[in-house]
Each structure stands twice: as structure tokens, then as C-alpha cells.
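Novice: Using only what follows, build the 3D model:
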Amino acid sequence: MTAVLGLAERMGGSVLMAARSDTVTLSGFVGASRLAWTGAHPWHMGERVWSTTNPRLDTWIALLHTLNLDPTPVVVSALCADFEGDQWSMPGVHPADLWTSYGIVVEDLCVWRPLLAHFVEQLDRGHAVLVEVDEFHLPDMVGSSYQRVHAKTVIAVTGYDRDAHSLRYMHGSFGGDVGGEDLDAMLTAGIGSAQLPPTTTLVRLDRVAVRSPAERAVIAVALARLHGTRFPTQNPIRTFGDALRSQGVWLSGGDAEHYQRWAFATLHQCGAAFELGSDVCAFLADHTEPVGEAVAHLRAIARGARTLHKRLVRVPQSGLIPDISQTVDEMARSWDAAMLVLRPAYGI
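Specialist: Coordinates of the predicted model:
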């Protein structure tokens, strides 16, 4: 890691110092002007096998996109996706990778006073805040969880209008506002009967470095070599296939909600991780790295996970477990083929 950090420091890049002058305080609004919503990232649109990953990573992708920063270097770790027994490792971003790639500092925010006071303090400094909230109060979840289901998620707080009592936020592929009773409830919900404060993360943006495509490629290669030391030692698809044989039994005895929770932790995270991995390899191949052949193999795994999702979704209703051995075997062979390309380049 020291070598990677040293590389970023030597490269320098163009640093945008986010002083308080970058914040907008007119008419009671506080927040960095550069954090105004600019639309969804291409990974959240178009012909994707998996248009979402998980709430935290999707929010990071949206935040980086709004800052006009390519998220590709910070998702390199998706290449190391592994099966953990009861879930696939969830693709995400590592604080060290954010610092190395773009000079973004991520720290835990100690909540010792009302949440809104912390938000205003950090927004006035030009920063953003990630916070766990209840989807029940998020207007972008209309038709899903909004005012219907209590579910934990993560949003990025990017602005607050004191006059309108309205909070500007990003949630996955969405950017908008929440105010009124919804905002009041969201700010005071806490976690559990003890009203414990939610996990809150400070995203410092005062040393953001803008990288050229060539600089991003150099950093991505360095991070691939770092994370390549964590490539699974065994084929995780085959391990997952073995687990599916036993998990299918209790899937058939559950309900649709039970299945969706299981599928999100397993098939969804598997598919999303390897699709991001294919994006990473395509980016690296465009910058002369010898990993172009891995792109199709990794995307095949993502498609295979989607196929399994479609075939298994009716198991709770029917009680019948289809034969998925061919799909699993094809995914496993694709992983082996991808590793034949990636290990010589970045593994140990």
C-alpha cells in the first residue's frame, strides 16, 4: 500500500482545494456547488446486466460521477470477488483506494449532537456525508419502500436548505431532495429501540485531485497489483455451486421476500461484482494492459448470475429446484479463463 500511495503523491494531478468559497449559502442553502446532481452514471443506465450493485457502492458511484471523477479505479477490488458461505463479498470502495485515486479522505463521523447539525457543519466546509437511513422516508423509493417498508440504506448528503427545511441527497442512481415530515422522521429515527445513532461517514473533498486518463490507468494498474494478491485461491463459482445444492432445500420452503434477501446477498452481488470487473478490465485494456480477453469471461459470469436469478425466483412458490448445473459450470469455466489472464498480470 505504501508504494501505491507514494505513486499517487508523485503523480500529483490537478488538486481542487474545496475552500468554503465553494459552498453556496444564499437563501439559507448550504452545500458545495460542485455536488449539485448532474444525472445518473452510465453504469446505472443503458444495456447493463446489473444496473445496480448495492446501496453504498451505488451512492459512491453517483457521488464520484457528480464530481466528474471516473469511478473505475476505485472499483478495481471487484476483481477479487469471492463466495463467503452465506453471501458473495459485496463490491465496494476502499478508503485507501479513494485517497490514492482522487485525494478523497473518508473518516468515521462521531455523532454527538443532532444529525442535522453535523450535516450543516460539514456541508459548510464543502464536504459530503454518508449516512444510514430508513428507506421508508425516502421519496425516491415511491412504489417500493417509501411509506411501506422499513429497510436500511445509505445516502450521500450533499446540501441543506434551511428556509425550506429540505435536504439534498444522492441515493444510488437518484439525486433529489427530502423535506418536511419525512426529513424530520429520517433525522430522528435512530437504530433500534435505544435510538442509537446511525453509522455516519465524513467524505472530505478539500484535496480532490483531477487525474488524466493516463494517470487513472497507472493508478488502476497499481491497485490491480495490490488487490491481485487477494484473488481467491479456489474457484468461488464452484464453491457457490456446491452451496446452492443445500441452500435450494430451504429456499423451497421460504417465501418471495426470503428469496429476494438471499438473492441480493448472493446472485446480485456476484453478478454486479464481475460486471464491474469486466468494466475495469476494459478500461485497462484500452490503456495497453494485456487483460482484454478477461472482459468477455467476466461479463459471462454476470450474465450467468442473472440467468440463475431468473430460474430460481419461482422456487419458493413451486417448491421445485431446477437443474442449474450447466449454468454454474459455464460460470466456473469463465472464472478459470479470466484468472488465466489476470493472474499473470496482477496476481502472485
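Novice: Tell me how many other residues crowd residue 146.
Specialist: Residue 146 is surrounded by 15 other residues when neighbours are defined as other CB atoms under 10 Å. In this view, the C-beta of every residue, glycine as well, is placed from N, C-alpha and C.
Novice: who's in contact with it?
Specialist: By CB atoms under 8 Å, 6 or more residues apart in numbering, residue 146 lies in contact with 135, 136, 137, 138, 139, 140.
Novice: measure it to residue 182 for me?
Specialist: In this structure, residue 146 and residue 182 are separated by 9 Å, where distance is defined by CB to CB, to the nearest Å.
Novice: Return every residue with contacts to both of these two.
Specialist: Between them, residue 146 and residue 182 share the contacting residues 137, 138, 139, judged by CB under 8 Å, 6+ apart.
Novice: and of the contacts of residue 146, the nearest to residue 265?
Specialist: When the contacts of residue 146 are compared for distance to residue 265 (CB to CB), residue 135 wins out at 17.1 Å.
Novice: which residues does the closest one contact?
Specialist: Applying CB under 8 Å, 6+ apart, one finds that residue 135 lies in contact with 141, 144, 145, 146, 149, 150, 151, 152, 153.
Novice: Where does the third one sit: helix, strand or coil?
Specialist: Going by DSSP: H, G, I helix; E, B strand; the rest coil, the secondary structure assigned to residue 145 is coil.
Novice: pLDDT wise, what is it at?
Specialist: You'll see residue 145 listed with a pLDDT of 86.
Novice: which SS class is residue 203?
Specialist: Taking three-state DSSP as the rule, one finds residue 203 in the strand state.
Novice: Neighbours of it, how many?
Specialist: The number of residues packed near residue 203 is 22, by other CB under 10 Å.
Novice: Let me know whether it touches residue 131 as I believe.
Specialist: No - between residue 203 and residue 131 no contact is recorded; they are 10.6 Å apart, counting by CB atoms under 8 Å.
Novice: List of residues touching the longest strand belonging to the chain?
Specialist: Scanning the chain for the longest strand, with DSSP state E as the assignment, gives strand 152-161. Residues from elsewhere that reach strand 152-161, judged by CB under 8 Å, 6+ apart: 24, 27-32, 35-37, 55-56, 59-60, 62-63, 66, 116, 119-120, 123, 128-135, 138, 166-171, 177, 179, 203.
Novice: Buried residues, it. List them.
Specialist: Residues of strand 152-161 classed as buried: 153, 154, 155, 156, 157, 158, 159, 160, 161 (neighbour count, 16 or more other CB atoms under 10 Å).
Novice: So for the third one, what's the pLDDT?
Specialist: Residue 155 is assigned a pLDDT of 96 by the prediction.
Novice: before we move on, which element is the residue nearest the centre of the chain in?
Specialist: Within the chain, one residue has its C-alpha closest to the average C-alpha position: by CA atoms, centre = their mean, that is residue 57, at 1.2 Å. Using DSSP states H and E, residue 57 sits in helix 55-66.
Novice: measure stretch 162-180 end to end?
Specialist: Here the two ends of stretch 162-180 are set 11 Å apart, with distance taken as CA to CA, to the nearest Å.
Novice: starting at the chain centroid, how far to that stretch?
Specialist: In terms of CA atoms, centre = their mean, to the nearest Å, the centre of stretch 162-180 is set 20 Å apart from its chain centre.
Novice: where do the helices sit along the stretch 51-200 of the chain?
Specialist: Counting by DSSP state H, counting those that start in this stretch, residue ranges of the helices within the stretch 51-200 of the chain are 55-66, 95-102, 115-124, 180-188.
Novice: how about these in TSV, adding mean pLDDT and distance to residue 250?
Specialist: Converted to TSV, the helices of the stretch 51-200 of the chain look like this (pLDDT from 0 to 100; distance: least, CB to CB, whole Å):
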stretch	mean pLDDT	distance to residue 250
helix 55-66	96	26
helix 95-102	96	36
helix 115-124	94	39
helix 180-188	90	35
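Novice: Would you tell me which of these gets closest to residue 298?
Specialist: helix 55-66 (16.8 Å).
Novice: Next, the angle from that closest one to helix 95-102.
Specialist: When axes from the mean of the first three to the mean of the last three CA atoms, to 10 degrees is applied, the directions of helix 55-66 and helix 95-102 differ by 10 degrees.
Novice: and residue 50, how many residues sit next to it?
Specialist: For residue 50, the tally of surrounding residues (other CB under 10 Å) stands at 21.
Novice: Now do the same for the residue nearest to it when sequence neighbours are not counted: its pLDDT.
Specialist: Closest residue to residue 50 in three dimensions, ignoring its sequence neighbours and counting by CB to CB, 6 or more residues apart in numbering: residue 272, at 4.3 Å. Among the per-residue scores, residue 272 shows a pLDDT of 97.
Novice: picking that back up, quickly name whichever of the buried residues of strand 152-161 is closest to residue 341.
Specialist: Sorting these by how near they are to residue 341, with CB to CB, puts residue 154 at the top with 33.3 Å.
Novice: does residue 66 really touch residue 33, like I thought?
Specialist: No - here residue 66 does not reach residue 33: they are 11.0 Å apart, not a contact under CB under 8 Å.
Novice: Looking at these two, which has the bigger crowd around it?
Specialist: Neighbour tally, residue 66 and residue 33, criterion other CB under 10 Å: the higher count belongs to residue 66, 21 against 12.
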